[in-house]
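Enquirer: Just need the structure, nothing else, for what follows:
(2 chains)
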Number of protein chains: 2
Amino acid sequence: MANKIPTRIYLTEEEMPKFWYNLRADMKNKPEPMLHPGTLQPVTAADLGPVFCKGVIDQELDETTRLIPIPEDIQDFYRAYRPSALIRAYYLEKMLGTPAEIYYKFEGSNTSGSHKLNSAGPQAYYAKKEGLTSLTTETGAGQWGTAMAMSCAFYGLDLTVYMVKVSSEQKPYRKALIEAYGANLIPSPSNTTESGKKILESDPNTGGSLGCAISEAIETAVKTDKCRYVLGSVLNHVLLHQSIIGLETKTALDKFGIKPDIIIGCAGGGSNMGGLMAPFMGEKLTGKSNARFIAVEPASCPSFTRGRFAYDFGDTAKTTPLIKMMTIGNGYIPSANHAGGLRYHGMNSTLSKLFQDGLLEARAEVQTNVFDAAIKFMKTEGILPAPESSHAIKVAIDEALECKKTGEKKVILFGLSGTGFFDMTAYQSYNNKTMNDQTPSDADLQRGFASIPGIPQNS
Amino acid sequence: MANKIPTRIYLTEEEMPKFWYNLRADMKNKPEPMLHPGTLQPVTAADLGPVFCKGVIDQELDETTRLIPIPEDIQDFYRAYRPSALIRAYYLEKMLGTPAEIYYKFEGSNTSGSHKLNSAGPQAYYAKKEGLTSLTTETGAGQWGTAMAMSCAFYGLDLTVYMVKVSSEQKPYRKALIEAYGANLIPSPSNTTESGKKILESDPNTGGSLGCAISEAIETAVKTDKCRYVLGSVLNHVLLHQSIIGLETKTALDKFGIKPDIIIGCAGGGSNMGGLMAPFMGEKLTGKSNARFIAVEPASCPSFTRGRFAYDFGDTAKTTPLIKMMTIGNGYIPSANHAGGLRYHGMNSTLSKLFQDGLLEARAEVQTNVFDAAIKFMKTEGILPAPESSHAIKVAIDEALECKKTGEKKVILFGLSGTGFFDMTAYQSYNNKTMNDQTPSDADLQRGFASIPGIPQNS
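Expert: Numbering: from 1, shown residues only, chains lettered A, B, ... in the order given. Down below sits the predicted model:
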């Protein structure tokens, strides 16, 4: 095969992005502001100050600066594991017999196993720069906890990770990895916080939840000197950091004069899809592109495809600011699903707004179909994909097969956000045909919607 | 940090090697030939024909052709996951405060997790080309089994993997990964072979051994139509395929005019060290370089540092040809060690010869020191190293600290042969300080030596 376009495209260090791209700056209809849950007024930097680092608060609230310089130190951090490869899926194309060109950006080759490191590094950097000595966070599936542990080891910060108790028991290897990086891992709920104690009192045998782990992490951050809390998804500063994915991808494609027709990503809280699509969506918003954008979510947790556009809390304990987003309700509990990173009730406010405005499509997929696609992919392209990322593979294959029917040579780009090395129980259940494809009934969703606060939903 | 030399150096597809390099062609003193255990005469292609593919037999027996073309199809296969990154360890250097320049070639970013894929692909390719329909092999730690499962999925061949029973039980995720690639995994010993049945009769509760798994795999290959056996280390055709590691590294360093002073690799059967060092040792053999070469082995399995140079069997069942090598005896059973890929009693014949001739040094390291080095490395460079590869890290750090003492700006190159994603039990035992640093007593070694056949050891 004489490839005019290489199988793997890497940028040189000179070509790597020097700026993050703030998509909101190019949106005519901005996402609704976060509201303080007490006053129902837009949150201010002062409201967020006790919880988050100043650096990220500024970025969170900035809707107008298009390009935000990546500090030299963070460029150094990125060079430790970036650029990630943009890969032409020659082998998958051949197996499908499609005329489409398929490309994927692979974010899973760093030790954290996913794109999460792209925001963990900057968040640790700002904490260090602001004179903090420690951070707290929560982790469910474990990618974010690992990414933060790596980043804190790199910048010399202490880290406490509240890991959902059932996850820490089911994923002892994730726990071992986070601890090997020197982080203090506490199964949540714990008796190290008031919120943890309260939950343990009411249910001593609980396996915990992400919402509870968030509450414990925030409580500890607020109570501890020179300490703040960090979050790995949902918020707009996280999407800003993740724009490195799309910026690298666009530079690589531009070198070969390639313009994607369809951009596909999995979406849980939205950080991966938001990062990949950012510069391409920017072109669409400014009339330079007609590309389609498809966010793929699990059918068991369908915030885009079956949710409501409403102000809701970011956590089940109802302690966060209110976010206007696509949501199935902070009280919704999705059925067991191997794509732990996609089991979130809401969706980033920018993505939600674009979806409302018809600029972003969404699809929901059941697990077994997602794993069928993952197996096809790994047998041809070699890489073991994360269950989360495999949602994007599923839709990329569907679109490529549609091209086969119509004969169109579309250019399909998707985000391969992570590897499945710590998800082998999922592959075991696929191998053993014991996978659960349960989707919520309308009644299940109604129960979720009931947890959305009844405040004026003006739009 | 304004890097003149990039942190990560990738070759373009045009720069990737088109030939493997056969180090033996440049050796004045060739390795001793393999002997048929019955006749004690050098083995012929006909002797090996029932067991191995013809393509690899030709390569195994070829001591004179310097450059062997990499078939186009295998170049395609390599493009699916290569080039691998050559990384300048800026962050590790800074942490150590050494004037040395440290580079490492990272072979663990493919899904098999190690360099093994570099030979698995070619071996599957030759099988397909020769009209075979299936292959058999054994696996202990699992990297080789995964690499072969990936390669057979890619080339459309059936694969049976005999996995050491205790490993298949201790590493259910490795098993799941191999099965997800479509391979038939059989815990060994099994009742699918005569050799397996015999072992089960004498010891129904045995956990199996690599030697037993090899015997079962060879028996099945020989008995099955259009089927052969493949091996992932020790033999010279494997080293030939692995020369891709060193060739890529040399091309990358040559672009920047860098000549390594010290080349370091871990060594179990020798395929990783042999592949990395090949072109650099070639320069030394032809008077163009004065570099030092250091093979690092576990103190628990010291075939270089405490072994004998003698003809010995490659397996504990004494079914293979006799190989002249550094060995502690085919009957030697190393103590429990987390570097499963280094727990082999012998060493590739080419490396053994170079060691005898004083061209290659060797060091043995205990586990805890190796993991101390691994943790230093992962906290600065980010990558989670395999226990095997961490042996090379240990010695690279030692050499860099020696440079700090002497003020010398040496260039140190080491092979990072794999990741530790499936070795988290090892990291758990390090975290918990329950690691075992037992080294064999002289009496233990004498028992091993007693298993070396008493045939004329003429040299």
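Enquirer: now check stretch A:408-418, is it near chain B?
Expert: No: on the criterion Cβ under 8 Å from any Cβ of the partner chain, stretch A:408-418 is out of touch with chain B, staying 11.9 Å away. All C-beta spots, glycine's among them, are computed from the backbone N, C-alpha and C.
Enquirer: And A:Phe256, how far from A:Lys250?
Expert: Using Cβ to Cβ, to the nearest Å, A:Phe256 is found at 11 Å from A:Lys250.
Enquirer: for the stretch 351-459 of chain A, what spans make up the strands?
Expert: Applying DSSP state E, counting those that start in this stretch to the stretch 351-459 of chain A gives strands spanning A:361-365, A:411-416.
Enquirer: So between A:Phe256 and A:Lys250, which is more surrounded?
Expert: A:Lys250 (24 against 13; other Cβ atoms under 10 Å in any protein chain shown).
Enquirer: so what's the more buried one up against?
Expert: A:279-280 (Cβ atoms under 8 Å, 6 or more residues apart in numbering or on different chains).
Enquirer: Just the pLDDT at it, thanks.
Expert: Note for A:Lys250: predicted pLDDT of 98.
Enquirer: That one sits in which helix or strand?
Expert: Assigned by DSSP states H and E, A:Lys250 falls within helix A:236-255.
Enquirer: likewise A:Gly265?
Expert: strand A:262-266.
Enquirer: and the angle for the helix holding A:Lys250 with strand A:411-416?
Expert: Counting by axes from the mean of the first three to the mean of the last three Cα atoms, to 10 degrees, helix A:236-255 lies at 140 degrees to strand A:411-416.
Enquirer: Buried ones in helix A:236-255, by neighbour count?
Expert: Buried residues in helix A:236-255, counted by 16 or more other Cβ atoms under 10 Å in any protein chain shown: A:236-253.
Enquirer: ok, back up a step: the helix or strand just after the strand holding A:Gly265: which residues count as buried?
Expert: For strand A:262-266, the succeeding helix or strand toward the C-terminus, using DSSP H and E, is helix A:271-285. For helix A:271-285, a neighbour-count test (16+ other Cβ under 10 Å) marks A:271-282, A:284-285 as buried.
Enquirer: Output those residues as TSV; include the columns distance to A:Met378 and pLDDT.
Expert: As requested, the buried residues of helix A:271-285 are exported to TSV (distance: Cβ to Cβ, whole Å; pLDDT from 0 to 100):
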residue	distance to A:Met378	pLDDT
A:Ser271	24	96
A:Asn272	19	97
A:Met273	22	98
A:Gly274	26	98
A:Gly275	23	98
A:Leu276	20	98
A:Met277	24	98
A:Ala278	28	98
A:Pro279	29	98
A:Phe280	26	98
A:Met281	29	98
A:Gly282	32	98
A:Lys284	32	98
A:Leu285	35	97
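Enquirer: Tell me how far A:Ala176 lies from B:Gly420.
Expert: For A:Ala176, the distance to B:Gly420 - Cβ to Cβ - is 10 Å.
Enquirer: wait, I meant A:Lys171
Expert: 16 Å.
Enquirer: With A:Lys324 instead?
Expert: 43 Å.
Enquirer: More neighbours: which of the two?
Expert: More crowded of A:Lys324 and B:Gly420, by other Cβ under 10 Å: B:Gly420, with 26 against 22.
Enquirer: For chain B, what's the nearest residue on the stretch 51-200 of chain A?
Expert: Closest to chain B within the stretch 51-200 of chain A is A:Tyr173: 3.6 Å, counting by Cβ to the nearest Cβ.
Enquirer: I should have written the stretch 201-350 of chain A there, sorry.
Expert: Closest point on the stretch 201-350 of chain A to chain B, by Cβ to the nearest Cβ, is A:Lys255, at 11.9 Å.
Enquirer: phi, psi of the residue nearest to that residue when sequence neighbours are not counted?
Expert: Using Cβ to Cβ, 6 or more residues apart in numbering or on different chains and skipping residues adjacent in sequence, the residue nearest A:Lys255 is A:Ile9, 7.3 Å away. A:Ile9 adopts backbone torsions of phi -110, psi 120, taken as degrees, to the nearest 10.
Enquirer: check contacts around A:Ile9.
Expert: A:85-88, A:252, A:255-256.
Enquirer: helix/strand/coil for the residue nearest to A:Arg66 when sequence neighbours are not counted?
Expert: Closest residue to A:Arg66 apart from its sequence neighbours, by Cβ to Cβ, 6+ apart: A:Ala25 at 4.1 Å. Of the three states, A:Ala25 takes helix according to DSSP: H, G, I helix; E, B strand; the rest coil.
Enquirer: Within its local environment, how many residues does A:Ala25 see?
Expert: A:Ala25: 16 neighbours (other Cβ under 10 Å).
Enquirer: cool, and the one 4 residues further on?
Expert: Using other Cβ under 10 Å, A:Asn29 has 12 other residues around it.
Enquirer: and it, how far is that from chain B?
Expert: 39 Å (Cβ to the nearest Cβ, to the nearest Å).
Enquirer: thought that residue was touching A:Thr350?
Expert: No: in this structure, A:Asn29 is not within contact of A:Thr350 by Cβ atoms under 8 Å, at 10.5 Å.
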